[in-house]
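Novice: Pasted the sequence and its predicted model underneath.
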Amino acid sequence: MTETLLSVNDLSVTFDIDGTPQTVVPGISFDIAVNEVLAVVGESGSGKSVTAMALLGLLPRNATITGSATLHGTEMIGLSDTERKQRLGSSAAMIFQDPAAALNPLFSIGFQLAESVRSHTPGLSRAEAHQRVLELLALVEFPDPANKITNYPHQLSGGQCQRVVIAMALAGDPDLLIADEPTTALDVTVQAEILDVLRRMRNRLRSSILLITHDMGVVADIADRVIVMRQGAIMETAPVDELFHTPTHDYTRELLQAVPQIGKRPSAITTKARTSKEQGPNAPEPRPVLEVEDLVVEYRRRGRGFKAVDGVNLSIQPGEILAIVGESGSGKSTTALATIGLAPVTSGTVRILGKSFADSGHSELRSLRERIGVVFQNPATSLNPRFTVRNAVAEPLRIHRGMRGRGLYDVVDELLANVGLGGGWGERYPHELSGGQRQRVAIARAVALKPDVLIADEPTSALDVSVQARVLDVFRELQKELGFACLFISHDLAVVDSLSDRVAVMQQGRVVEQGSRSQVFGSPITDYTRQLLNAAPLPDPIAQRARRQARAS
Amino acid sequence: MRLVAGLGARFAGLLFVFLGVTLAIYLLVFALPGDPIRALGGDRPLPANVVETLREKYNLNAPLWKQYMDYVLGLFRGDFGLDFRGRSVSDQMAARWPVTIALALTAWAIELVVGIFLGVLAALKAGTAIDKAVLWSTIIFGAVPVFVLAVTAQLVLGARLKLFPVAGIEAGWPMSYMLPALVLAVFGLAAISRLMRDSVIDNLRADYVRTARVKGLSRQRIVGVHVMRNSMVPAVTYLATDLGSLLGSTIVVEGVFNLPGVGSLLFDAIRAHEGTTIVGVSVALILIFLITSLVVDALHYLLDPRIR
């Protein structure tokens, strides 16, 4: 029998919101063994982060915590501030989702690490603290620690920042490391590195990890045991292999089914483009809806030019979905912005339906814009908070079609019904909707004018997996019905695989590989594409373990 | 080093701003109606040869661009010219600048210490009675016109309670300067405390503060080191530019409290049509303003590594 490190019993968290108590976690119990990685999965709002914050006493003052949580036999709930300060870092430490924001921008990483070191071992000399900082950075495999110790957070990449945050957490040799979505903000290749760091750290220091995540791939990669949470309650607890292969709870099955996976595209999915091409080899090649030729977008920063997009060529046929994939900073979003005239084009041309933005006058631009729909990443900020859902969708119709009154609202209500928001939803404001519902409103607005081409920039990245699955379904149905062409930007290869006809892989402003979906994902030509495909963890612990071993050897 | 290069470029830019602004003031003042030379004679018109000598002396016969050129060249030698009574403007200012600078610096120190203290206090006690008291008092004091505040302070704190001298500088620094400096500081103090409050509240919510708490740092250290430095960035900008405007806005306060500073010199000069003095004082104020803005840039550079 393994030794228990943390034992949580009937823990409940209630927030006092303007006088009304709201119970977020109604009483949960679980254990973590020494040297175990326990993953807590669930959608946003399921109470997984709140549970973790409650353990460390990090919740705001309006939270009431009851129940018990013992770490090595010491009660963690209801500690005084001084007691908690002693425990934090040495018994339990925590790392967070956004590593760049988790570091103070005005102090060097060396200063911030030394601060951690000294708060756990007071009385260290400057040189001793410095030595310990270097050891910690070496432990998290930080590149070139001796030179980078004087760097500031903004000079480091996201992955490097997360290593610093992990090093900071390790300063007090914690028995328990709580990691709240530690790789969600990172690219897949960086995510794989950080997960390796955590795994090796666990093995070396014999510490336990409580991993909070919504990513089933991450769970499969690193967890020993999994808790599935929903609305503050535990649905299912199981060892990782069991959970993935024989889930007992319906909700777990639902979650697992929602996870898109490369190569698991249901064969029933066909897009408009494919069916039209099947009409025969003699049909004339139609004119592309969107053509991008030798596009260069250069930003000047402190007098130095930086090419965000460097000679990109793309073309999309009517009804075709072209996906651009790549890591952050690869230029995929800038390319999308350039196609709608929102990024400064340094050279090259963008033509929509044969017309270039650059040569178009004001009125031509207007009619050109009518043919393009756009969906952005974050529906919480891309919808005007003061517009009702109905008005948000009606606006393009008012502006471009001059529609008013009953006729307008009939069209709007039909559009909303098409995205599954029929009935009374039209009168609501964006803040009254969930993230998935908001994104469906954004899609309804984007297709309101029946555009020839839709630009979608990471439309599902901010959503939970099951919500993402529903939004992608809506998207596919609309595409089939309206037959628009689409430029779909995403960093998630599995989503792209489930949706696109053709794929372009971007790296450092260039398209390094372009071809049909099956070709790029089935037999990639470049190492970079292979690397991307291998880095995305598979939502299957056994397959992922095999892949990891293959990668290591 | 980047700081030196950056400041060098800024300095070159400031030179153009300086020339442009001085030219504008110069032209405006000498475009004022009325002939100051003729006015020197009072009711009796001066003899033609005297007028001619005077015009020669004040360089008034040269074309305007040459007058301005000669003036600016004089400025670079530290010569602000003569007023129409033949007194050196530099000398007059030299006698009065210490008073104004002492007044402005005292007011500035009050803004800095009290404003930041109140702002941080309100932020740490956000939502409580203390927070609300700070907010309301800054709104009320900030809304009252300066001369009303000045006269009230003089009456209550000076004449009634006899805490400070009512006027003049006989009691020297700090007693004679406290009351006018307080009045001068009120507006900026209100702005600083509100700026600081919002800034501290924002930073208390930042992710890095949560990280600092997880590190096990004390609250004093989190607020004193992490939050304070981040919150100071906007406050420093305000404080540094405000030093310039404090110097320029001493006219009313120096008038009410009868302080022989640059503000009252400027006031007298405007009434007496002493163009050279007006331009001289304005130019000196602009110089100070430009220099403080240069200092702000340097401070930003030191405070925030992201702009290095």
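Specialist: Alright, I've got the coordinates.
Novice: Which parts of the stretch 251-400 of chain A are helices?
Specialist: Taking DSSP state H, counting those that start in this stretch as the test, the helices found in the stretch 251-400 of chain A are A:272-277, A:332-339, A:362-370, A:379-382, A:389-396.
Novice: quick one: average confidence on the fourth one?
Specialist: In this case it means helix A:379-382. In this model, helix A:379-382 has a mean pLDDT of 82.
Novice: ok, now which ones touch residue 247?
Specialist: Answering for chain A, as no chain was given. Contact partners of A:Pro247, counting by CB atoms under 8 Å, 6 or more residues apart in numbering or on different chains, are A:236, A:238, A:253, A:256. (Each C-beta comes from the backbone N, C-alpha and C, glycine too.)
Novice: try chain B instead
Specialist: For B:Leu247, the contacting residues are B:100-101, B:104, B:262, B:285, B:288-289, by CB under 8 Å, 6+ apart.
Novice: now those as TSV including secondary structure?
Specialist: Shown next, in TSV, are those (DSSP: H, G, I helix; E, B strand; the rest coil):
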residue	secondary structure
B:Thr100	helix
B:Ile101	helix
B:Ala104	helix
B:Val262	helix
B:Leu285	helix
B:Ile288	helix
B:Phe289	helix
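Novice: Check whether B:Thr250 really touches B:Val262, as I assumed.
Specialist: Yes. Using CB atoms under 8 Å, B:Thr250 makes contact with B:Val262 at a distance of 6.9 Å.
Novice: Mind listing the shared neighbours of those two?
Specialist: Common neighbours of B:Thr250 and B:Val262, using CB under 8 Å, 6+ apart, are B:Thr100.
Novice: before we move on, back to that, just the buried ones from the contacts of A:Pro247?
Specialist: Buried members of those, counted by 16 or more other CB atoms under 10 Å in any protein chain shown: A:236, A:238, A:256.
Novice: and the helix or strand encompassing the second one, which strands flank it?
Specialist: Same thing as A:Ala238. For A:Ala238, the element it lies in under DSSP states H and E is strand A:233-239. Using DSSP bridges, strand A:233-239 pairs in its sheet with strand A:225-230 (antiparallel).
Novice: so which of the contacts of B:Leu247 comes closest to A:Phe244?
Specialist: A:Phe244 lies nearest to B:Phe289 out of those, by CB to CB, at 67.9 Å.
Novice: all strands of the stretch 51-200 of chain A, in order?
Specialist: Per DSSP state E, counting those that start in this stretch, the stretch 51-200 of chain A carries strands over the ranges A:63-71, A:74-75, A:92-95, A:176-180.
Novice: Mean neighbour count and distance to A:Val296 for the ones you listed - can I get that in JSON lines?
Specialist: Listed next are the strands of the stretch 51-200 of chain A as JSON lines, based on neighbours: other CB atoms under 10 Å in any protein chain shown; distance: least, CB to CB, whole Å:
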{"stretch": "strand A:63-71", "mean neighbour count": "18", "distance to A:Val296": "52"}
{"stretch": "strand A:74-75", "mean neighbour count": "11", "distance to A:Val296": "60"}
{"stretch": "strand A:92-95", "mean neighbour count": "28", "distance to A:Val296": "39"}
{"stretch": "strand A:176-180", "mean neighbour count": "24", "distance to A:Val296": "40"}
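Novice: quick one: low-confidence parts of the stretch 201-350 of chain A?
Specialist: Low-confidence segments of the stretch 201-350 of chain A (pLDDT under 70): A:265-285, A:301-303.
Novice: Find the closest residue to chain A in the stretch 51-200 of chain B.
Specialist: B:Gly127 (10.4 Å; CB to the nearest CB).
Novice: On the three-state scheme, that residue is what?
Specialist: From three-state DSSP, the assignment for B:Gly127 is coil.
Novice: After the element among helices and strands of chain B having the smallest mean pLDDT, heading C-terminal, what element do we hit next?
Specialist: Across the helices and strands of chain B, mean confidence by mean pLDDT, DSSP states H and E is lowest for helix B:36-40: a mean of 68. Beyond helix B:36-40 in the direction of the C-terminus, DSSP H and E gives the next helix or strand as helix B:48-57.
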